[in-house]
Each structure stands twice: as structure tokens, then as C-alpha cells.
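Undergrad: What follows is a predicted protein model with its sequence.
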Amino acid sequence: MMKDPAKTIGNMIDKSSVATLCYIDDDGFPTGRAMLAPREREGIQALWFTTNTSSDKVRCFRKNPRASVYFVDRRFFRGVSLSGIVEVLETPEIKARIWREGDQRYYPGGVADPDYCVLRFTACKGRYYSNYRSEDFDV
């Protein structure tokens with residue numbers, strides 16, 4: 001059993017370079033997409049990602065905000081799945097806050113590029129796997 005889920009999971013998130021973000025597609029099936037690690041996090045409850053406004057996932061999140069995010073630590077063969085809700089954010093303030101040097105590669109129009117948006121994932125529960133065991137936890 002994890003002594004401190006926020007610390008254990010938070011460390012795993014911080015060390016991850018990639019996350020798998022899952023959503024429900026137009027046909028009602030779960031679909032996963034590899035994402036760059038979250039730009040910011042608030043504990044393990046809120047995670048901020050960047051993506052293209054024109055992507056299928058954004059279109060699907062606007063219809064159904066339910067999502068999960070999975071992080072894996074290959075070295076120790078452990079992982080965590082967080083379940084929650086995604087908000088698509090497009091205000092100039094949040095886009096500027098999350099913007100990083102080099103993002104022009106993905107969004108040539110800069111921080112005001114209409115094809116740049118921020119996804120805020122808010123977790124409500126999770127499932128942690130380690131040492132051949134799984135455990136559920138609330139966030």
C-alpha cells in the first residue's frame with residue numbers, strides 16, 4: 001500500500017516524458033494518444049497539457065469530457081491511471097502561462113495560434129500498479 005499517493009504518483013509524473021491521454025471517440029470507444037508530459041501539475045489532481053485545437057481529441061472532449069491519463073515507469077514496471085474530466089482552455093492568459101520556448105515548432109502562429117490550446121485534466125480517482133499488485137485510490 002502506498003504511504004503517500006500524492007508523493008509517489010507526483011514523482012512518477014515528474015519523471016515521465018510521455019503520458020497516454022485517453023478519451024471516448026465518436027463511436028463510443030476508448031482511444032489513447034501519446035502526449036508530452038504535463039506542463040504543470042497541481043498535486044496529482046490537476047494536470048495541464050498542450051495540444052492542437054483541431055485535433056480529434058479536442059473535438060471529442062468538447063462532446064464528452066471524461067478521460068484517463070496513464071503514466072508508466074518502465075524501469076520499475078509500475079504505472080498509474082488517473083480518471084477524471086478534461087476542460088479545453090483557450091483564453092490568452094492560460095495559453096501564455098503554459099507556453100514554453102520551442103512551442104513554435106508545433107504552433108507556428110505563436111502563443112496566439114488558434115490551433116494551440118490547453119487541456120486541463122482534473123482527476124477524481126486513480127489506480128496504481130506496482131510489485132504485481134494494484135490499488136485504487138481517491139484523489
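TA: Looks like it came in fine. Fair warning: this is a prediction, and the values are worked out from it, not measured in the lab. Numbers count the residues shown, from 1 in each chain.

Undergrad: separation between the closest residue in space to Tyr116 that isn't next to it in sequence and Ser83?
TA: Nearest in space to Tyr116, with sequence neighbours left out and distances taken as Cβ to Cβ, 6 or more residues apart in numbering, is Tyr107 at 3.9 Å. Using the backbone N, CA and C atoms, a C-beta is placed for each residue, glycine as well. With distances taken as Cβ to Cβ, to the nearest Å, Tyr107 is found 28 Å from Ser83.

Undergrad: longest helix of this protein?
TA: helix 5-15 (DSSP state H).

Undergrad: Can you dump the C-alpha atoms of it in CSV for me?
TA: Only the C-alpha atoms of helix 5-15 are listed here, as CSV (Å, rounded to 0.1, in the frame of the first residue of the first chain):
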residue,chain,number,x,y,z
PRO,A,5,-0.1,8.6,-3.1
ALA,A,6,0.4,12.3,-3.9
LYS,A,7,4.2,12.0,-3.4
THR,A,8,4.6,8.6,-5.1
ILE,A,9,2.4,9.5,-8.1
GLY,A,10,3.7,13.0,-8.3
ASN,A,11,7.3,11.7,-8.6
MET,A,12,6.2,9.3,-11.4
ILE,A,13,4.5,12.2,-13.3
ASP,A,14,7.5,14.4,-12.9
LYS,A,15,9.9,11.8,-14.3
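
Undergrad: and that helix, what does it pack onto?
TA: strand 40-42, strand 66-73, strand 78-89, strand 116-130 (3 or more Cβ pairs under 8 Å, 6 or more residues apart in numbering; DSSP states H and E).
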